[in-house]
Each structure stands twice: as C-alpha cells, then as structure tokens.
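**Student:** just need the structure, nothing else, for what follows:
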Amino acid sequence: QVQLVESGGGLVQAGDSLRLSCAGSGRTFGSYAMGWFRQAPGKERRFVAVISRGGGNTAYADAVKGRFTISRDNGKNTVYLQMNRLVVEDTAVYYCAASPGFYGGRWNPQNVDSWGQGTQVTVSS
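**Tutor:** Got it, this is the predicted structure:
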C-alpha cells in the first residue's frame, strides 16, 4: 500500500476554483493508478476522477467532466485535482485513492487499495 495525504480543501464561492493535492509516500507511487472520490453528507462515496500510472489515460465522472482536471507528477509523488467553475453540489469530503489497476470510469471504492484521510471542500452559493 501507499500512504496518501491530501491538502488544498477549503471554503469557496460558486464559480471559484480550487486545487487539491495528494502526496504519496514510498518509491512505488508510480505503480498505482491515482484518483479522487468524494462523499457528501448522507451519501455514498462516489468516483470523481482517475489517472493511469504514467498519466496517459484519465477518466471523469459526468458531473465534473469539463470542469475538473486530474494530473500527476511521479517525480514528486503527487496527484492533483484542479477544480474550476465549482458549484454547490461539489460540496463534499474529497478522498485521494490509489489502485494497482486502472478501471477508468468504472472505478469504485471496492477496487481502491489505499485511501487518504480526506479533505473538506465546501462551495457556498
């Protein structure tokens, strides 16, 4: 497993942008597909975005497609989620996730090997 630590959450207004970061430990970071899930109060944890081990493939949930961009820097053991044009419905705890396999848009929590502790994103109207 890889240890993951998120940062970058906060309180913003609708229409603003925010960038989340997730730092992974160990020399195996590049062996994992990396991505993000989010969980709103009273709802299940849902897939947001994923990027393959080398960064050549990405996938997004329909709700964020065109607004969010996932990227990674394997030299820094870090994955990023750039979130633009935020809406109130984006409010959730965002979790960084890692998996040896790349599942694309079919990635679900049962396929995740490692989780970060989560970072709160709150979008006000």
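
**Student:** show me what contacts the closest residue to Phe29 other than its chain neighbours?
**Tutor:** Distance criterion C-beta to C-beta, 6 or more residues apart in numbering; nearest residue to Phe29, sequence neighbours excluded, is Asn77 at 4.2 Å. (Each C-beta comes from the backbone N, C-alpha and C, glycine too.) Shown in contact with Asn77 (C-beta atoms under 8 Å, 6 or more residues apart in numbering): 23-26, 29.

**Student:** do that again at 10 Å, thanks
**Tutor:** 2, 4, 22-30, 34 (C-beta atoms under 10 Å, 6 or more residues apart in numbering).

**Student:** state the distance from the spatially most central residue of the chain to Ser125.
**Tutor:** The chain has Trp36 as the residue nearest its centroid, 2.2 Å off, counting by C-alpha atoms, centre = their mean. Noted for Trp36: a distance of 23 Å to Ser125, by C-beta to C-beta, to the nearest Å.

**Student:** what about the strands in this structure?
**Tutor:** For the chain, the strands defined by DSSP state E cover 4-7, 10-13, 18-24, 33-39, 46-51, 58-60, 68-73, 78-83, 92-99, 114-115, 119-124.
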